[in-house]
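Participant: Starting from these lines, generate the structure:
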Amino acid sequence: MSTSGNYRLKNMLKQPERLTPGHRMCAGCGATIAIRAVLRGLQPTDHAVIGNATGCLEVSSYMYPYTSWEDSYIHNAFENAGATLGGVETAYKALKKKGKLAPDENYKFITFGGDGGTYDIGLQSLSGAMERGHDMVYVCYDNGAYMNTGIQRSSATPMFADTTTTPVGTESDGKIQYRKDLAAIIAEHYVPYVAQSTLTRDFSDLHRKSEKAIYTEGAAFLNLCTPCPRGWRYEVSDVMEICRLAVETCYWPLFEVDHGKWILNYEPAKKLPIEDFLRPQGRFAHLFKPGNEHLIALFQEEVDKRWEDLLYRCNRE
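Facilitator: Alright, predicted model coming up:
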C-alpha cells in the first residue's frame, strides 16, 4: 500500500463515530466492531441513510425513541432491507433532479443485515436491488445463524455446526449441509463492486473496502465475517483471534470483485489446518471427540475446494 493509502487509513480510525456507545450488542460481538469500521469509510462531510433489517443489530441499537445511530435510520422488516434502501436512493435522485435538495448535500445509502436477513429471507429483495443497480451498499454481517431469535441454523451456517435447529446428539453431527457462497452469487449480478472481509489486525482491509464500496458508483455488496460469542461459544476477548484464524485457514478468504475482476487480497504464507479455526468454538466441540476425525477431514476438504475455486477465479492457480 502506498504512503498516502496508509495515511488515509490511519485517519479513518480518527473519524467520528456514527454508531455511538449505548447500544446493547453483546460484549465480544464482531458485528458491532465491523459496522463501526464500515461507517468510517464515509467522508465526515457526507450524510448517510442507514437501513437495517430486523435482527441483533436492529433490536440492540434502536428502541424508539432512542437510537445509537448518528445518521438517518430506517428499520426494515427481515425481508426488505434491499428494496427499502433502493427506494430511498431512487427518491433522493428524483429530488436532486428537481432541485429540491441543496446541491452541496451529499448522501450515501448503506443497509445492514445479518445472514438470516440476507442469505435467506432477504435474498430476493437484495438480488432485485443489485440487479437494478441502485447506488447503494448492502453490508451483510455474517455471524452464521439466526442469532437474535435463538441460534437457529441459516444457509450461512457452516457444516457440522451445533445450533438449536441442528442440535448435536447421538443421531446428529450438527448441520449436514454446506454453507451458501453469497459473495459469489452477488458477483454474478455483475454489479460494480463485491468484497469479502473481516476484522483484521489493523483493519486496513475492511477500511479500504468499505470506502471503496461506498464511493464506487452503483450497487456494491460487502460480506463480513462477524463472530457471535453466544452462537459460536468462544471467549469474548478472542473475537479478533477467531477472525484471524478464519483468514489464515482460508475458511474466510479476503477478496474483491471489482467490475467483474476477481482479486485475491491475501494469501497465507502457510495455510493453517481448519481445526485451528474450529477448536476455540464450542459449537464444534463434538468434532474433537474420538471417532469424529473424519468429520474434520470432510470440513477441510470443503475449505480446500472453495480455496482452489477462488484461486482459479483470481487467476492464481
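Participant: Quick one: list the elements packing against the one helix or strand residue 87 maps to.
Facilitator: Using DSSP states H and E, residue 87 maps to helix 81-97. Applying 3 or more C-beta pairs under 8 Å, 6 or more residues apart in numbering; DSSP states H and E, we find helix 81-97 packed against strand 47-53, strand 72-76, strand 107-114, helix 123-132, strand 137-142. The way it works is simple: take the backbone N, C-alpha and C, and place the C-beta from them, glycine included.
Participant: tell me the most buried of those?
Facilitator: Highest mean neighbour count of the helices and strands packed on helix 81-97: strand 137-142, a mean of 28 (counted as mean count of other C-beta atoms under 10 Å).
Participant: From residue 207, how far out is residue 119?
Facilitator: 24 Å (C-beta to C-beta, to the nearest Å).
Participant: again, but for residue 124
Facilitator: Distance from residue 124 to residue 207, by C-beta to C-beta: 31 Å.
Participant: In TSV, list the helices and strands packed on helix 81-97 along with distance to residue 62 and mean pLDDT.
Facilitator: Shown next, in TSV, are the helices and strands packed on helix 81-97 (distance: least, C-beta to C-beta, whole Å; pLDDT from 0 to 100):
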stretch	distance to residue 62	mean pLDDT
strand 47-53	7	96
strand 72-76	6	94
strand 107-114	11	97
helix 123-132	20	98
strand 137-142	15	98
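Participant: Just send those back as TSV, with distance to residue 63 too.
Facilitator: As requested, the helices and strands packed on helix 81-97 are exported to TSV (distance: least, C-beta to C-beta, whole Å):
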stretch	distance to residue 63
strand 47-53	13
strand 72-76	10
strand 107-114	17
helix 123-132	24
strand 137-142	19
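Participant: Quick one: closest of these to residue 253.
Facilitator: Among those, strand 137-142 comes nearest to residue 253, with 13.4 Å by C-beta to C-beta.
Participant: so what strands line up beside that closest one?
Facilitator: Applying DSSP bridges to the sheet, strand 137-142 is found paired with strand 107-114 (parallel), strand 220-225 (parallel).
Participant: okay if I get these as TSV plus distance to residue 293?
Facilitator: What follows is the strands paired with strand 137-142, written out as TSV (distance: least, C-beta to C-beta, whole Å):
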stretch	distance to residue 293
strand 107-114	32
strand 220-225	26
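Participant: Out of those strands, which is closest to residue 99?
Facilitator: Going by C-beta to C-beta, the one of these nearest residue 99 is strand 107-114, 15.4 Å.
Participant: now the angle from the closest one to strand 47-53?
Facilitator: 20 degrees (axes from the mean of the first three to the mean of the last three C-alpha atoms, to 10 degrees).
Participant: Other residues contacting the helix or strand that strand 107-114 is followed by?
Facilitator: Next in sequence after strand 107-114, counting helices and strands by DSSP H and E, comes helix 115. The contact list for helix 115 (C-beta atoms under 8 Å, 6 or more residues apart in numbering) reads 140-145, 154-156, 182.
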